[in-house]
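Participant: starting from these lines, generate the structure:
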Amino acid sequence: MSGAAQAGDPPHARARRPALVLVAAVADNGVIGQGGSLPWRLKSDLRYFRAITMGKPVVMGRKTYLSIGKPLAGRTNIVVSRNRDFAAPGIMVAPSIEAALAAARGDALRRAADAIAVIGGAEIYAHVIGGADRLVITRVHLRPEGDTLFPAIDPVLWQEVERGEHTAGPDDAAGFTVLVYERHPTHLGRHNGGR
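Facilitator: Numbers count the residues shown, from 1 in each chain. Next up, the predicted model:
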């Protein structure tokens with residue numbers, strides 16, 4: 001399922017549906033992780049990540065949650081885990097991505113949030129990208145070794161609508177570019193529900 005407007009939705013339904021947004025930091029070689037953590041430090045991007053996800057439900061896999069180590073303050077943390085015994089204070093656990101997105105939609109409507117942020121990891125991104133409305137990608141100008149990759153961004157489906165270049169700050173391992181992609185208008189409502 002997706003936050004994307006469906007072709008037959010009435011206008012008021014389209015206005016209320018929160019956007020489904022994938023938020024990721026991706027190295028120039030596609031790497032997003034190594035051994036369960038980020039293979040770089042970008043304090044500037046962490047501030048940006050906080051700003052764009054604050055007040056919104058965030059959906060993540062269990063490994064991503066464990067790598068963060070605590071719930072993200074000011075956001076409803078929804079963690080996907082097939083382990084029925086997994087629990088932690090300050091988070092909601094969902095048994096599937098579909099259940100997590102349904103909970104996130106309900107939370108976004110209650111909060112009047114305009115978006116649901118999907119923040120990792122690779123399996124979650126790969127499952128959800130087909131139904132996403134927007135991608136917010138921090139392109140980290142490094143080529144680290146890694147065991148986790150972001151799915152390919154198909155230029156037939158996605159168009160870049162915003163770009164911001166950032167030089168490395170004092171606590172940044174590299175410079176980076178923030179890229180915002182939106183689904184090409186010809187592909188709105190034609191995705192296959194997130195697969």
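
Participant: what's the burial count for the nearest residue to Ala94 once chain neighbours are set aside?
Facilitator: Leaving aside its sequence neighbours, Ala94 sits nearest to Ala100 (CB to CB, 6 or more residues apart in numbering; 3.7 Å). The C-beta positions use only the backbone N, C-alpha and C, and glycine is treated the same way. For Ala100, the count of nearby residues is 25 (other CB atoms under 10 Å).

Participant: before we move on, what about Pro155?
Facilitator: By the measure other CB under 10 Å, the count of residues near Pro155 is 10.

Participant: again with the one 3 residues further on
Facilitator: Here the neighbour count serves as a burial measure; for Trp158 (other CB under 10 Å) it reads 19.

Participant: from Ala27, how far off is the residue nearest to it when sequence neighbours are not counted?
Facilitator: Leaving aside its chain neighbours, Trp158 sits nearest to Tyr181 (4.2 Å; criterion: CB to CB, 6+ apart). To Ala27, Tyr181 is 17 Å away according to CB to CB, to the nearest Å.

Participant: who has more neighbours out of these two?
Facilitator: Ala27 (25 against 20).

Participant: my guess is the more buried one meets Thr138, correct?
Facilitator: No - if you go by CB atoms under 8 Å, Ala27 and Thr138 don't touch, sitting 9.7 Å apart.

Participant: circling back to that earlier point, any idea what the residue nearest to Trp158 is bridged to?
Facilitator: Leu135, Glu160 (DSSP bridges).

Participant: any chance you could map the strands in this protein?
Facilitator: Assigned strands in the chain, in chain order: 19-27, 31-33, 57-61, 76-80, 91-94, 115-118, 134-140, 148-149, 158-166, 176-183 (criterion: DSSP state E).

Participant: so what strands line up beside the shortest one?
Facilitator: Okay, so that is strand 148-149. strand 31-33 (antiparallel).

Participant: mind checking how far the partner strand is from the chain centre?
Facilitator: 14 Å (CA atoms, centre = their mean, to the nearest Å).

Participant: with stretch 23-40 instead?
Facilitator: Centroid displacement of stretch 23-40 relative to its chain, using CA atoms, centre = their mean, is 13 Å.

Participant: can you give me the end-to-end distance of it?
Facilitator: 17 Å (CA to CA, to the nearest Å).

Participant: ok, now stretch 169-177?
Facilitator: End-to-end for stretch 169-177, by CA to CA: 13 Å.

Participant: quick one: contacts of that stretch?
Facilitator: Taking CB atoms under 8 Å, 6 or more residues apart in numbering as the criterion, the residues outside stretch 169-177 that touch it are 25, 40-45, 138-142, 163-168.

Participant: also stretch 147-160?
Facilitator: In contact with stretch 147-160 (CB under 8 Å, 6+ apart) are residues 24, 26, 30-35, 121-122, 125-126, 129, 135, 137, 179-184, 187.

Participant: switch the cut-off to 6 Å
Facilitator: 24, 26, 30, 32-34, 122, 125-126, 129, 179, 181, 184, 187 (CB atoms under 6 Å, 6 or more residues apart in numbering).
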